[in-house]
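Chemist: structure, please.
(one chain, ligands or ions: 3)
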Amino acid sequence: MAPWQIPTRPLETIFRISPRYVDKRHVRPPAERAPSGTARRTGQAWKQGVDNRSHAYRGVLMPIHTHSVLLDPLTNRGTAFTAEERERLGLAGRLPDAVLTLDQQAIRAYEQLQQEPTELAKFINLEQVHDRNEVLYYRLLQDHLAELLPIVYDPTVGEAIKRYSHEYRSPRGVFLSIDRPQDVRSSFEALQLHRDEVDLVVVTDAEEILGIGDWGVQGIQISVGKLAVYTAAAGLHPARCVPVVMDVGTDNENLLNDPLYLGVRHSRVRGKAYDSFIENYLETVSELYPNALLHFEDFGPGNARRILETYGDRYRMFNDDMQGTGAITLAAAVSALKVTGESFGDQRVVVFGAGTAGVGIADQLRDAMVRDGLEPQEATRRVWLVDKQGLLVEGMPDLRDYQAPYARPASEVQGWADGDIDLLTTVQQVHPTMLIGTSTSPGAFDEEVVTAMAEHVERPIVFPLSNPTEKIEAMPADLLAWTDGKVLTATGIPVDPVGHDGVRHVIGQANNALLYPGLGLGTVVAGATRLTAGMLLAAAEAVAGQVDARAPGAPLLPPVANLRASSATVAVAVARAAVQDDVATRRPSDLVQAVQDTMWQPVYGPLSEKEASP
Ligand SMILES: NC(=O)C1=CN([C@@H]2O[C@H](COP(=O)(O)OP(=O)(O)OC[C@H]3O[C@@H](n4cnc5c(N)ncnc54)[C@H](O)[C@@H]3O)[C@@H](O)[C@H]2O)C=CC1
Ligand SMILES: CC(=O)C(=O)O
Ligand SMILES: [Mg+2]
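Modeler: Ligands and ions are numbered 1, 2, ... in the order given. So this is what the prediction gives:
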């Protein structure tokens, strides 16, 4: 379909604003563009599209059925439509008389939210605001970021994913079914977004959602949640971001047996059919939206790294669990080492849970050791991976290919234990300086393990990163108690400050959400064609550069409440790194300003081109 064409649809259909019409080359007179009959019947509304988007889109000329503006969350302002706007848009009688400001709407929406009895109910309430009025939704998130991020994202999003088919109200996102691979293209085309109109596509196949496993189609909510963070934290434009689930079946029998389950009703498809579905997705999305960053989330350990390694050179891809988590953990480690005064070259690292996140972190820490002067082989030797079967040792039959480089020689571990070598034994033998948890094994960092570690190191660095809350390896209050306040810690979930021995310890959140929004924004601002190791490192250093953890009880990472400012700083560093790595297609002379200009703000913009530039 040509960019200016609008498909014929019934009058009642919502015509979403499409920034494609901004491009004057594509703008045709309304009568010419209108689908048969529609222009005549919608009249003036053709010329007066509501535009809640940034100034980049203010020239929109669009067809709008009078009532559709109230139904589309990207155009709806509800009670904030002024009397004059209501008249112009033909909304007479459609709204109560009073005109509220966005501030007033935000107060009301927040009051309503407070009345919800549970976190899940709050999640549902917020999703309903999201589906009604995106400006209001993001205004709420912006005003109460530290309070609401744990609702729309980790940990409550995990609960919402488990309950999705039962709590379902309306669809959000693109649902791709492995049983209909021929629909991949048309599923995206139905969005009516032009090739320049998409910055970001977040996709999951939901095999390993957070630490809660396989949730089939219900994983769409992780794509939605990740994007909410991109917009709330870094101002990625909500209309330019697309959440996607690849529904390839599920091995979760509870879902398959649930009559209300909304996904395809068979076990996970693997092998050739799966691989060609992934390839189909990548080819289609990158062709339709050649400038978009393709974010992969919560794929299973067998696929996450394999997909990135197979296609990372060809597409602008990012695996959040592997790369984002590695980079935020590196940032927390940089902060911790500023406190201990050591270098990465001095570290011995035990990673418990050697999956996508664990090995992603191992890679980042190993690379940091190499930058500090260790030979690559020596750096790899400083990382011990422990998984379900215990310490990973060369020759183990069930070793995954990405774990193999870290497996210990049998000669090294001879005499450590009769059979498999557990976490406690590993800690007793290795005397780690850092202990990282990505195992989904709650309570695994118990008092025995932590005190064994603390016997040999003055300031143990312990990061229990598993999500959501019920999966965490240890809580900071216990870690502080067991180490007499010496531990340097950060967690994947948000944790309230902990008082210990008269010191208030603020716990940094080592969650990739503290890093990927700025990384994505920087990639967009630079128009980077690839996401490079240099850009990831720049993001990690920019995060770490924003805190000084040397004061007693200070956090290792910047607070979530400052995430918008923090993301802007990260974005500048990332865009600069993209230029250095020669992958930038845009090189703004003033990067700081370019980042600010790109960040979308949740405000009601001008209604029409005329109003925007009188
Ligand atoms: N804080 C953050 O930003 C992030 C945290 N995570 C968390 O890390 C955890 C793992 O996530 P992924 O790496 O994506 O999953 P994954 O499935 O790729 O890896 C989990 C690994 O833990 C191992 N494991 C399972 N039970 C174990 C046990 N009892 N003892 C030792 N190892 C065990 C598995 O065999 C697997 O190798 C999840 O809880 C997830 O929420 C993941 C990504 C980001
Ligand atoms: C934070 C995140 O990406 C995870 O737990 O999977
Ligand atoms: Mg994840």
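
Chemist: which residue is the nearest non-sequential neighbour of the closest residue to ligand 3 within the stretch 451-600 of the chain?
Modeler: Nearest to ligand 3 in the stretch 451-600 of the chain, going by CB to the ion, is residue 512, at a distance of 6.8 Å. For the C-beta atoms, the positions are set from N, CA and C on the backbone; glycine is no exception. In space, residue 512 comes closest to residue 324 once its chain neighbours are excluded; the distance is 3.4 Å by CB to CB, 6 or more residues apart in numbering.

Chemist: I figured the one you found hits residue 518, correct?
Modeler: No - counting by CB atoms under 8 Å, residue 324 does not reach residue 518; the two are 10.6 Å apart.

Chemist: quick one, phi/psi of the closest residue to ligand 3 within the stretch 301-450 of the chain?
Modeler: As assessed by CB to the ion, ligand 3 sits closest to residue 321 within the stretch 301-450 of the chain, at 4.4 Å. Residue 321 has phi and psi values of phi -70, psi -30 when expressed as degrees, to the nearest 10.

Chemist: can I assume it is in contact with residue 298?
Modeler: Yes - using CB under 8 Å, residue 321 is in contact with residue 298, at 6.5 Å.

Chemist: what do the two both touch?
Modeler: Counting by CB atoms under 8 Å, 6 or more residues apart in numbering, the contacts common to residue 321 and residue 298 are residue 208.

Chemist: more neighbours: which of these two?
Modeler: Counting neighbours by other CB atoms under 10 Å for residue 321 and for residue 298 shows that residue 298 has the greater number, 27 against 23.

Chemist: before we move on, the earlier item: and the residue of the stretch 451-600 of the chain closest to ligand 3, what's its pLDDT?
Modeler: According to the predicted model, the pLDDT of residue 512 comes to 98.

Chemist: what about it, distance to ligand 1?
Modeler: In this structure, residue 512 and ligand 1 are separated by 4 Å, where distance is defined by CB to the nearest ligand atom, to the nearest Å.

Chemist: heads up, I number from 302, so please use that
Modeler: Renumbered: residue one is now 302, and that last one reads residue 813.

Chemist: residues near that residue, how many?
Modeler: In terms of burial, residue 813 registers 26 neighbours under the definition other CB under 10 Å.

Chemist: so who does it touch?
Modeler: Each residue near residue 813 by CB under 8 Å, 6+ apart is listed here: 621, 622, 625, 626, 628, 629.

Chemist: residue 897: how many residues sit nearby?
Modeler: A total of 14 residues lie near residue 897 under the criterion other CB under 10 Å.

Chemist: what does residue 443 give?
Modeler: Taking other CB under 10 Å as the neighbour definition, residue 443 ends up with a count of 18.

Chemist: helix or strand: which one has it?
Modeler: Residue 443 belongs to helix 435-444 when assigned by DSSP states H and E.

Chemist: can you pull the buried residues of that helix?
Modeler: Residues 435, 436, 437, 438, 439, 440, 441, 442, 443 are the ones in helix 435-444 that count as buried (16 or more other CB atoms under 10 Å).

Chemist: my read: the fifth one touches residue 535, true?
Modeler: Okay, so that is residue 439. No - between residue 439 and residue 535 there is no contact under CB under 8 Å: 11.6 Å.

Chemist: tell me the secondary structure at the residue nearest to residue 813.
Modeler: With DSSP: H, G, I helix; E, B strand; the rest coil as the basis, the three-state label of residue 625 is helix.

Chemist: contacts only, for it.
Modeler: By CB under 8 Å, 6+ apart, the contact set of residue 625 is 619, 813, 816, 817, 820.

Chemist: residue contacts, the residue in the stretch 602-751 of the chain positioned nearest to ligand 1?
Modeler: For the stretch 602-751 of the chain, the residue closest to ligand 1 is residue 656, as judged by CB to the nearest ligand atom, at 1.7 Å. With contacts defined as CB under 8 Å, 6+ apart, residue 656 is in contact with 509, 602, 688, 739.

Chemist: what does residue 677 give?
Modeler: Applying CB under 8 Å, 6+ apart, one finds that residue 677 lies in contact with 667, 671.

Chemist: strands along the stretch 752-901 of the chain, start to end?
Modeler: 762-765, 789-792, 799-801, 804-806, 809-810 (DSSP state E, counting those that start in this stretch).

Chemist: any buried residues in the third one, and which?
Modeler: Spelled out, that is strand 799-801. By 16+ other CB under 10 Å, the buried positions in strand 799-801 come out as 799, 801.

Chemist: direction included, what does that strand pair up with?
Modeler: Paired neighbours of strand 799-801 in the sheet (DSSP bridges): strand 804-806 (antiparallel).

Chemist: what of the last one?
Modeler: Taking DSSP bridges as the criterion, strand 809-810 pairs within the sheet with strand 789-792 (parallel).

Chemist: for the record, mean pLDDT for the partner strand?
Modeler: Predicted confidence along strand 789-792 averages 98 (mean pLDDT).

Chemist: which of the contacts of residue 625 come close to ligand 2?
Modeler: The subset of the contacts of residue 625 lying close to ligand 2, counting by CB under 6 Å from any ligand atom, consists of residue 813.
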